[in-house]
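Enquirer: Predicted model and sequence follow; I will ask about them next.
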Amino acid sequence: MIYVTGDTHRNFSRFSPDRFPEMKVMTKEDTMIVCGDFGALWHGGRRDEIQLAILEDLPFTVAFVDGNHENFTALSKYPVEEWNGGKVQFLRPHVIHLMRGQFFTLEGHTFFTMGGASSHDVDDGILDPAAPDYYERLFRLLGEGREQYRIVGQSWWPEELPSKEEYAEARRTLDAHRWEVDYIITHSPPGGIAEELGRPQDTLTDFLEEVRQKARYRRWLFGHCHGDWEIDESHLLLWERIVRIV
């Protein structure tokens, strides 16, 4: 079985028998895919270790694409390995990061993964602790009760958007498979859907719109927009909902 759900933001309470009774018959051979903003790696310390141990103890395998709210510094410390045809990082034996621009075969079905997104909760700015005016800006925002800011290396990382190399690898992967795949799993929506949802567009949404126009696929599942909405028969926005696809 393969299930997919939306952003968890470090809150994995949906993976409990009362909210997800199907887990009672699942095994480690079954997979739960999270569409980004996973959040199990966030503090970079013992609190993460405890959270990862809890996830490893679930009866199924947890796999995720990264979102914009991930600790990319902590994530980068895990080695890159191969799993079911694509590049991954094993946070635990059954907690797996599906890397960007990869192609996987699971239960006889093919998957293309592309994590990342632009943070949209930064209206008050992105503060850099290395900047000379960091504390001045931070205390001013705190004094004004403004909370729409992020801090570099603490709650925001520039790696939230793919690099040129990651885009290039994604195109090579798609070329190698003639742009044909069963399922596309991303955090960000493609550009046309982002516009429909009133979300800003960027280099990633532009790339994903290219994929949308060019690729042949059965279904595209994504998160980021905090809603559960079937856009159409081929595109599904997920947040708290869990859907079975295989």
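Expert: Arrived safely. Every value quoted in this text rests on a predicted model; they were computed, and no experiment measured them.

Enquirer: show me the contacts for the residue most central in space within the chain.
Expert: Residue closest to the average C-alpha location in the chain (Cα atoms, centre = their mean): G36, at 1.8 Å. Counting by Cβ atoms under 8 Å, 6 or more residues apart in numbering, G36 makes contact with 7, 64-68, 70, 115-117, 186-188, 222-224. To be clear about C-beta, it is placed using only N, CA and C from the backbone, and glycine gets the same treatment.

Enquirer: One more: E81?
Expert: Counted by Cβ under 8 Å, 6+ apart, E81 has contacts 87-90.

Enquirer: what is the rounded mean pLDDT of the helix or strand hosting D182?
Expert: D182 belongs to strand 180-186 when assigned by DSSP states H and E. Per-residue pLDDT over strand 180-186 has a mean of 98.

Enquirer: packing partners for it?
Expert: strand 31-35, strand 109-114, strand 216-222 (3 or more Cβ pairs under 8 Å, 6 or more residues apart in numbering; DSSP states H and E).

Enquirer: could these be laid out in JSON lines, adding distance to L58?
Expert: Output for those, formatted as JSON lines (distance: least, Cβ to Cβ, whole Å):
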{"stretch": "strand 31-35", "distance to L58": "8"}
{"stretch": "strand 109-114", "distance to L58": "20"}
{"stretch": "strand 216-222", "distance to L58": "20"}
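
Enquirer: Please produce CSV containing those, extended by mean neighbour count and distance to H43.
Expert: Formatted as CSV, those follow (neighbours: other Cβ atoms under 10 Å; distance: least, Cβ to Cβ, whole Å):
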stretch, mean neighbour count, distance to H43
strand 31-35, 25, 18
strand 109-114, 24, 25
strand 216-222, 19, 26
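
Enquirer: Switch the ones you listed over to a markdown table; also include distance to E230 and mean pLDDT.
Expert: As requested, the helices and strands packed on strand 180-186 are exported to a markdown table (distance: least, Cβ to Cβ, whole Å; pLDDT from 0 to 100):
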| stretch | distance to E230 | mean pLDDT |
| --- | --- | --- |
| strand 31-35 | 14 | 98 |
| strand 109-114 | 19 | 98 |
| strand 216-222 | 10 | 98 |
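
Enquirer: which parts of stretch 200-219 are buried?
Expert: Residues 201-202, 204-205, 207-212, 215, 217, 219 are the ones in stretch 200-219 that count as buried (16 or more other Cβ atoms under 10 Å).

Enquirer: farthest-separated two in the residues you listed?
Expert: The span of the buried residues of stretch 200-219, defined through Cβ to Cβ, is set by D202 and R219 at 23.5 Å.

Enquirer: quick one: the helices in this structure?
Expert: Per DSSP state H, the chain carries helices over the ranges 46-56, 72-75, 134-143, 164-176, 191-196, 203-214.
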